[in-house]
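Novice: What shape does this take:
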Amino acid sequence: MMDLGRLRALHAVAVHGSVGGAAAALGFTPSAVSQQIAKLERETRTVLLERQGRGVVLTDAAQELAATARTVLGLVERAEVRLEEQRGRAVGQLLVAAFATGARGLMPGVLADLRRSCPELDVRLLECDPYPAAELVARGEVDLALVQDWPTVPLPVQEGLSRLDLGTDPVDLLLPADDELAGLDEVPVRRLPGRRWISVPPGNICHDWLVRTLREVGEEPDVRHRAGEFETQIALVAAGLGTALVPRLGRGALPPGVVARPVVPGPARRVYALWRAQASRRPAITAALAAMRERSSVLDPPADAG
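Specialist: You can find the predicted model right below:
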């Protein structure tokens, strides 16, 4: 009989496309995943992974076995959910994916609450962007995902997933304290032209919002610096190199010489949880959602609240 843990490792490699990606999703080291695959190869007397450049690819036999593993793991998950429901308490393992600033600004409190309230539950966190996180939930690779999107760019959500809206995360204008706009309580959009900008790369909602807004008032934004990490953008603002649009969640204290002002009207991203509807009665899911809801006070209320 094939070992379930080894099948899980193979399935994770198939889903994530690499040993490193599988290791991150499973909470193991790449070496541990490779060892599991090697043991499965000896167990099945079949070559499952082949070297291709610096990475690996699954052989045809491995692809077939990974598809079978997905079915088996789905059956195991349903059995585990039923057993947990019968026990009436959160037990076993719960894998939660969360986008970077949510993982930093919301999830530490959630994980600490769950450790106190559900001592038999093994909760593991995977930092992951919203698009792949939603797919991982749909495929059963993670149990729950904290994701974000924007009203103008909604996240595609597959059928069979349930959603809990947690709130909205406003985006502020960050600028040097000696900037002429720093003395305002809020910055009207009409005051944004004529500035040097620090922005995330094109394709991100903050960048797209900035470009669209300034073009509407007849100006092409002067983006001097592009950085994917918000911490880097803040450091550049602190050095007096420009202004930036940065979400509040997970932002932390600003360094001396940097102030944040809301833009009116300005962008705000929606933050919510996704999970498979068939697991809605699982105590671990309900406990995690309750903890997320309790900690969501760091967000503004959902747009349709009240």
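
Novice: Tell me how far A288 lies from Y272.
Specialist: Going from A288 to Y272 by Cβ to Cβ, to the nearest Å gives 13 Å. Glycine gets a C-beta too; all of them are placed from N, C-alpha and C.

Novice: Please identify which of the two sits among more neighbours.
Specialist: A288 (26 against 21; other Cβ atoms under 10 Å).

Novice: wouldn't the more buried one be in contact with L146 here?
Specialist: No. Applying Cβ atoms under 8 Å, one finds A288 not in contact with L146, separated by 9.7 Å.

Novice: which of the residues in stretch 108-125 are buried?
Specialist: Buried residues in stretch 108-125, counted by 16 or more other Cβ atoms under 10 Å: G109, V110, L111, D113, L114, C118, L121, D122, V123, L125.

Novice: now, which of those sits nearest V263?
Specialist: G109 (27.7 Å; Cβ to Cβ).

Novice: which other residues reach the helix or strand harbouring that closest one?
Specialist: Remark: G109 resides in helix 107-117, with elements defined by DSSP states H and E. Residues outside helix 107-117 that contact it (Cβ atoms under 8 Å, 6 or more residues apart in numbering) are 90, 94, 96, 98, 121, 123, 125, 146, 287-288, 291-292, 294-295.

Novice: what about V189, neighbour count?
Specialist: There are 14 residues near V189, going by other Cβ under 10 Å.

Novice: what's it in contact with, if anything?
Specialist: V189 neighbours (Cβ under 8 Å, 6+ apart): T213, V217, V263, V264, P265, G266.

Novice: got it, and E120?
Specialist: R89, A90, V91, G92.

Novice: if you set the cut-off to 6 Å instead, what comes out?
Specialist: Counting by Cβ atoms under 6 Å, 6 or more residues apart in numbering, E120 touches V91.

Novice: any idea which helix or strand carries the residue nearest to A22 when sequence neighbours are not counted?
Specialist: Distances taken as Cβ to Cβ, 6 or more residues apart in numbering put A12 closest to A22, at 3.5 Å, once the chain neighbours are dropped. Using DSSP H and E, A12 maps to helix 4-16.

Novice: L95 too?
Specialist: Counting by DSSP H and E, L95 is found in strand 92-98.

Novice: All set, thanks.
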